[in-house]
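Student: here's a sequence, model it:
(chains A and B)
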There are 2 protein chains.
Amino acid sequence: MEETTSKKGAKKAEAKAKKEAEKARKAAEREAAAASSSSAANTEDLAKENYGDIKTATGLPAGEFTKLEQIGEEHVGKTVKLRGYIQNSRMQGAKMAFVELREVGSWAIQGVVAASAEGKPVSRQMVKWIGGIKLESYVVVEATVQKPLEPVKSCRVSEFELHLTKVYVVATAPETLGMGFATANRAVGSLAEQEEAVDPNVEGLNISEGAPVASLATHLANPTMHKRAPVTVAIKKVRITVEKLFRDYLEERGFLNFHPPCLIGAASEGGANVFKLPYFDTEAYLAQSPQFYKQFEIAGGAQRVYCVGPVFRAENSNTPRHMTEFTGLDMEMEIAEHYHEVLHMLEGVLLYIFRGLAEKCREEIDLVRSVYPSEEFLLPEPGKEIRLTFAEGQALLRAEGPPEYADVKDEEDMSTPQEKALGALIKKKYNTDFYVLDKFPVDARPFYAKPDPENPKVTNAYDFFMRGQEILSGGQRLHLPAELEAHIRFKGLDPNQKGIKEYVDVFKSVGVPPHGGGGIGLDRVVAFYLNLPTVHLVSDYVRTPKRLLP
Amino acid sequence: MEETTSKKGAKKAEAKAKKEAEKARKAAEREAAAASSSSAANTEDLAKENYGDIKTATGLPAGEFTKLEQIGEEHVGKTVKLRGYIQNSRMQGAKMAFVELREVGSWAIQGVVAASAEGKPVSRQMVKWIGGIKLESYVVVEATVQKPLEPVKSCRVSEFELHLTKVYVVATAPETLGMGFATANRAVGSLAEQEEAVDPNVEGLNISEGAPVASLATHLANPTMHKRAPVTVAIKKVRITVEKLFRDYLEERGFLNFHPPCLIGAASEGGANVFKLPYFDTEAYLAQSPQFYKQFEIAGGAQRVYCVGPVFRAENSNTPRHMTEFTGLDMEMEIAEHYHEVLHMLEGVLLYIFRGLAEKCREEIDLVRSVYPSEEFLLPEPGKEIRLTFAEGQALLRAEGPPEYADVKDEEDMSTPQEKALGALIKKKYNTDFYVLDKFPVDARPFYAKPDPENPKVTNAYDFFMRGQEILSGGQRLHLPAELEAHIRFKGLDPNQKGIKEYVDVFKSVGVPPHGGGGIGLDRVVAFYLNLPTVHLVSDYVRTPKRLLP
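Tutor: Below is the predicted model of the structure:
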C-alpha cells in the first residue's frame, strides 16, 4: 500500500494541476451564472415557491419519502419526494443544471433541472439557485422519475434520473468542505496522522477519478465527510456484520451476553500499559481485557459467556495496528473433556463469520476492493482446518523460511515479522489465509494459561492468524487455585499482590469447572479480512496516543 | 423492601439459633460418619475406582453429557453422565447419602447413593466420601435415572432422581462458603453496602426457607455464590432479553450498530461528574453518554444508529439507583417531518421489550417474583399510549397530587418524589405503569435540545417513565449551527469552549438533517420492570463510589 516519496510528489503535483483547472472551470461557470442572473433578475420569478429554504417552503410535497433503492420502472413518469445530500452539481448554460442527490453510502441519482419557457414550475432563477447549492447540503426534493438518454455512469441509480420540480434546502453545507466527497472515497494516501494534508476540495461528476488523495489524518479530522464516503459505509457494514455473526453463532450455542466492567480496582494483568485515574478517595484502572471477568462468570456458574465491548491499552504505539481503545469480541466456556472444544468453537465462529461475510457483504467487499485492492481471503476446506503446533510452525520457519529464521527456538515467542513469514509459508503450502497455532510456549503466555499436563514447557493455548497476522489469543485457564498459585509463583509473580489475590480468591471461593476462551479484536478482523492499510479505517472513533477527537 | 431495625435484630437472632442447631446436627453427622468410617476402614473398598478426584479417575464414563432439562421418561433405567455443582448433601445413616446436583440456575436434581451389600458399584466408603463433598464443588457423575417415590420438592427436576454409580470431583469448594446457596437465593436484606453481613453459611435441603438473609454488600462480596443463585440467573436472563429485543427491534427498522468512544478529549456535557485521567502528554475524560457521537453518526450520513455500551458518571451518589458505570442503550435517527417520529420509535421499542419479556421470560419473571414480590407491569392498550405534556403532568400534580405539590411550576423540572407522585396519579387514572412526558421546559434540558418553534419556553424533548421513575431521556436536537450557537449562548455557555466548539464544528462542516433520539439505562429498565429494590441486583459488576471489586 505504500508509495515512494517521488511518486507521491508527482501525484501531489498532478492533483494541484487538476485543482487549478477545476478552479478555472468554476470561475467560468460563475461568470456565466452571474450573466444569466443579471438578466434573470429582471424577470418575475414564477417558480419562487418551488425552491429555497425549507423554513419558508409553502409548497412542500406531502406524503411519504421514496428511497432510492426502491425506484424502478413503475416510477417512470410519476412524481416522488426524496431527501438526501447534494453530492455534486454542474450548470449547463443558464437554463439547466445537473445535480447528484445521495441518500446514503453509494446510493445516488442524477437530478436535472431545466427552466421552462413559461418560467414555471422551473424558472431560470430556480435553476441558478439549485446550481449554487453548497455541496453536502441536505435537501428535500420533488421530482418526476424519467429514463435518462443513456445510463448515468457516475451514479448507482444509473437507469433513472430525477426531473426536479421542487428543491428545498434543509441544512446548508459550508462554502468550502474540509474534504471533498470524491477525496473521501479515495484510498488514504498517507498513514501518518501528523502529515500535512493535500488540499482535497474538489468537484466534478466523476466522483473517484482525479480527486486528490488525502492523508489518514485529513480523513479523521473530517469525520462527517470521511463517514459519508461509500467506502467507509461499506467497511462499517462489514464490521457490523462481523459483530452480528459473532453474536448469532455463539447465542445459538448457548452463550450468554454479559457486560464486564471498564473501571477496575487493580491493574490486573501486570500493570504495564494501563490507564489509571483518580476514583473518589482511591484509584481506578481501565480494563485491558475482560479476561478475569469472563472467568468470574464461569466461576459464577454461567457455563458459556461472551461479551462485546471496549478495551483499553495505554501503549504509546503509533502504528497502523494499534489503538488505545478498541472493541473486543470475547468468549469463555466450560470444557467437558478437552480444551480443543474451545479451539474448535472459536474456529467455528470465525469460519462462520468469514463465510457469512462473503455471502452477506459481497457488494460491500467489492466496493472496498475498488478503493483498497486486495485478494480474496482464502479459507481452508471444511474439515481441513489448518492447525499447527507452535513448534511445528517454528520448524517450518527454520526449514523453509528466510535465512534469518534458521535458528528460531521452540521456547521463544514469535515476532511480528516471523509471524508474517510463517503466514506466507502456510499460504503457499496449504492455500489458506486462516490458521491456528496451538501449544504456545509457557514463556509466551500469561500466568493464567494452563500448561500442557504432558509437556509443561508448553501451554494449552493458541493464537489464530489472518494473512499472517494474529487476530485471536486464547487457551485453557488454570481453574484449580493451588495450581494457579504455584504457576503464578513460577512466573515470578506474587499471588498475594493486589489484583492477583482477588482473582485467585475467586477460584478458592467455590469449585470452578475447567474452562477456556479467547478474545478477538473486532477492528483487526475487518482490517485483515479486507487487507486495509490500517485498523484506523475500521474503528468508528479512532483513539491513538495522539488522537482523542472527535 | 425495607425492614425495621428491631425486626432485623430478631431475624439475626433467629438465624444465629438456626446456625447453632445446624452446627450441632453436622457434628453429630460427622461423628456417625467417623464411626462408620473406622469400621469401613477395615473392609476392602471394592468401589474405589468409582469415586475420588477426577485426576485419579480411571473409570470415567465415556460419551456425551446429558443436560438436566433433557431428562425425561425415556431415560428411566438408563445410565447417564452429568456434570454440575453439589448444591446440598445429607447422610442418612452410614449407608446412604442424598445430594442435590445443580447444573445451572434453578436446574437441579436429587442424587441418591446407597452402599450395596457386595460393596460395589457403591461401597460404604464411597457413600461417606460423597456425603462429605464440599458444597458448591464441581463434579462429574455417572448415574441411573429413576422415578423417586414421591416428587422431589426441593429440585426443579422433581419427577426423576439419579442413582449415583460414579462420582468424581473436578474442582473442590472450600470448607466454608462465603455465602451459602440458599442465602444467595433469598432477597437481599439490607441495601447498605457497608453494613456488616449476617453470617450466611447454611445447609439444608429446603434451599430458600429458613436460610439467613444477607445484605447486598455480602452478596456483592461473594460474586460466585451471588451469581449462582437462580434469582440472579433469572434477572440476568431478563437483562439479556431486554438488550436483545432492543437490538432486534431497531435493526429490523434500519438502525446501524456503532461503537462510541469511552475516552474523549473534553468533558463535553458541562464537566461536572466526569472522570478525568492522564492520557500520554494530555488529559482524557470518560464519556458520560454517547450523545455527541450518535449525532456525529447522523451528521456522517448514517440515518439511523444505535449503540449499547458503558457510560460513566463520577457522581458521589450512594443510592440504590446510581452506579458510576452502567450500560446505556442509545439510539438516534433522522426526522422526516416531526420529532414525534422519534418519540414513537422509542415508545415502540420499549413496548416491544415489555411485551417480549412477558412472553419470553415468563418463567424467569415468576422466579424473580418468588424472591422479590412485585405486581405485573401494566402497559397501555395498543394505540392508547399515554403521552402527556410536562405542563399537563404538572397540572395533574397540582390538581390531584399531594398538597405539597399544589404550586409546582410549568417552567421548573420535577424532583424524583414529584415524578413518583405523578406516576401514582397516572396509574390510577390510566391504569398503566408506562407513559411519556413530552415538551420539557427549556430550563430542564441541555443546550442541544431543540426548543419548540411555537413555544420557545419548552423543548421538543421528552422523558419516559416506568412505575413513576424516569428511564429514558430524549428529544430533538438543534441541527443548524447558527441556532445551536445562539442557544448555547442563551444557556449561558460559550460556543467556543473546548468540547463544545468541536461539537458545533461538526454541524458547520456539512449540512446535517434534523434528528433526535434517546438513551435508556439498561439496568434501570430491568430493575423497574421487576420492581427490584436496587439496580445493583441487575448489573453484572456493580460500580459505585465505594465499589471497584470484583
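Student: A:Phe65: neighbouring residues, count only.
Tutor: 16 (other CB atoms under 10 Å in any protein chain shown). In this view, the C-beta of every residue, glycine as well, is placed from N, C-alpha and C.
Student: hmm, A:Phe160 is touching A:Ile109, no?
Tutor: Yes: judged on CB atoms under 8 Å, A:Phe160 makes contact with A:Ile109 at a distance of 6.6 Å.
Student: more neighbours, these two?
Tutor: Neighbours of A:Phe160 and A:Ile109, each counted by other CB under 10 Å, are more numerous for A:Ile109; the result is 26 against 20.
Student: who's in contact with the strand or helix carrying A:Val506?
Tutor: Per DSSP states H and E, A:Val506 falls inside helix A:500-509. For helix A:500-509, contacts defined as CB atoms under 8 Å, 6 or more residues apart in numbering or on different chains pick out A:265-266, A:268, A:292, A:295-296, A:299, A:447-448, A:479-481, A:484-485, A:488, A:493-495, A:512, B:173-174, B:177-178, B:222-225, B:549-550.
Student: of these, keep whichever come out buried.
Tutor: Buried members of the contacts of helix A:500-509, scored by 16 or more other CB atoms under 10 Å in any protein chain shown, are A:265-266, A:268, A:292, A:295-296, A:299, A:447-448, A:479-481, A:484-485, A:488, A:495, A:512, B:173, B:177-178, B:222-225, B:549-550.
Student: so which of these are in helices?
Tutor: Of the positions in the buried ones among the contacts of helix A:500-509, A:Phe292, A:Gln295, A:Phe296, A:Ala299, A:Pro481, A:Leu484, A:Glu485, A:Ile488, B:Pro223, B:Thr224, B:Met225 sit in helices, assigned by DSSP state H.
Student: any idea which of those is closest to B:Arg156?
Tutor: B:Met225 (18.5 Å; CB to CB).
Student: pretty sure that closest one contacts B:Gly178?
Tutor: Yes: under the criterion of CB under 8 Å, B:Met225 makes contact with B:Gly178 at 6.4 Å.
Student: confirm that A:Val169 sits in a strand.
Tutor: Yes: counting by DSSP: H, G, I helix; E, B strand; the rest coil, A:Val169 is located in a strand.
Student: contacting residues for it?
Tutor: A:Val169 neighbours (CB under 8 Å, 6+ apart): A:Gly52, A:Asp53, A:Ile54, A:Ile133, A:Ser137, A:Tyr138, A:Val139, B:Gly511.
Student: report the beta-bridge partners for it.
Tutor: On the basis of DSSP bridges, A:Val169 is bridged to A:Asp53, A:Val139.
Student: what's the pLDDT at it?
Tutor: You'll see A:Val169 listed with a pLDDT of 97.
Student: one more: the one 4 residues further on?
Tutor: pLDDT, the model's per-residue confidence, is 98 for A:Ala173.
Student: which among the contacts of A:Val169 count as buried?
Tutor: Neighbour counting with 16+ other CB under 10 Å marks A:Gly52, A:Ile133, A:Ser137, A:Tyr138, A:Val139, B:Gly511 as buried within these.
Student: for those, give me JSON lines that also has distance to B:Glu404 and pLDDT.
Tutor: Shown next, in JSON lines, are the buried ones among the contacts of A:Val169 (distance: CB to CB, whole Å; pLDDT from 0 to 100):
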{"residue": "A:Gly52", "distance to B:Glu404": "52", "pLDDT": "94"}
{"residue": "A:Ile133", "distance to B:Glu404": "56", "pLDDT": "97"}
{"residue": "A:Ser137", "distance to B:Glu404": "52", "pLDDT": "98"}
{"residue": "A:Tyr138", "distance to B:Glu404": "48", "pLDDT": "98"}
{"residue": "A:Val139", "distance to B:Glu404": "52", "pLDDT": "97"}
{"residue": "B:Gly511", "distance to B:Glu404": "49", "pLDDT": "98"}
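Student: which non-adjacent residue is nearest A:Ser116?
Tutor: In this structure, A:Ser116 finds its nearest non-sequential neighbour in A:Val122, 5.5 Å apart by CB to CB, 6 or more residues apart in numbering or on different chains.
Student: helix, strand, or coil at that neighbour?
Tutor: Relying on three-state DSSP, one would call A:Val122 coil.
Student: ok, now which ones touch it?
Tutor: A:Ala47, A:Asn50, A:Val113, A:Ala114, A:Ala115, A:Ser116, A:Leu164, A:Thr165.
Student: distance-wise, check the last one relative to A:Leu46.
Tutor: Which is A:Thr165. Separation of A:Thr165 from A:Leu46 (CB to CB, to the nearest Å) stands at 13 Å.
Student: hmm, back to that, from the buried ones among the contacts of A:Val169, pick the one nearest B:Leu532.
Tutor: When the buried ones among the contacts of A:Val169 are ranked by distance to B:Leu532 (CB to CB), A:Tyr138 comes first, at 44.1 Å.
Student: who touches the strand or helix carrying A:Arg369?
Tutor: Under the criterion of DSSP H and E, A:Arg369 resides in helix A:362-371. By CB under 8 Å, 6+ apart, the surrounding residues in contact with helix A:362-371 are A:106, A:185-187, A:208, A:230-231, A:234-235, A:237-238, A:357-358, A:374, A:530, A:532.
Student: okay, buried residues for it please.
Tutor: A:Glu364, A:Ile365, A:Leu367, A:Val368, A:Arg369, A:Val371.
Student: ok, then the element right after it?
Tutor: The C-terminal neighbour of helix A:362-371 among helices and strands, as given by DSSP H and E, is strand A:387-389.
Student: so what secondary structure elements neighbour the helix or strand following that next one?
Tutor: Going down the chain from strand A:387-389, the next helix or strand is helix A:390-400, by DSSP H and E. Contact partners of helix A:390-400 among helices and strands, from 3 or more CB pairs under 8 Å, 6 or more residues apart in numbering or on different chains; DSSP states H and E: helix A:416-430, strand A:434-438.
Student: using CSV, list the CA coordinates for the longest one.
Tutor: Spelled out, it's helix A:416-430. Taking Å, rounded to 0.1, in the frame of the first residue of the first chain, the C-alpha atoms of helix A:416-430 are listed here in CSV:
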residue,chain,number,x,y,z
THR,A,416,5.5,-9.9,14.1
PRO,A,417,7.8,-10.3,11.0
GLN,A,418,8.3,-14.0,11.9
GLU,A,419,4.5,-14.5,12.1
LYS,A,420,4.2,-12.8,8.6
ALA,A,421,6.9,-15.1,7.1
LEU,A,422,5.2,-18.1,8.6
GLY,A,423,1.8,-16.9,7.2
ALA,A,424,3.4,-16.8,3.7
LEU,A,425,4.8,-20.3,4.1
ILE,A,426,1.4,-21.7,5.3
LYS,A,427,-0.5,-19.9,2.5
LYS,A,428,1.9,-21.4,-0.1
LYS,A,429,1.7,-24.9,1.4
TYR,A,430,-2.0,-25.1,2.4
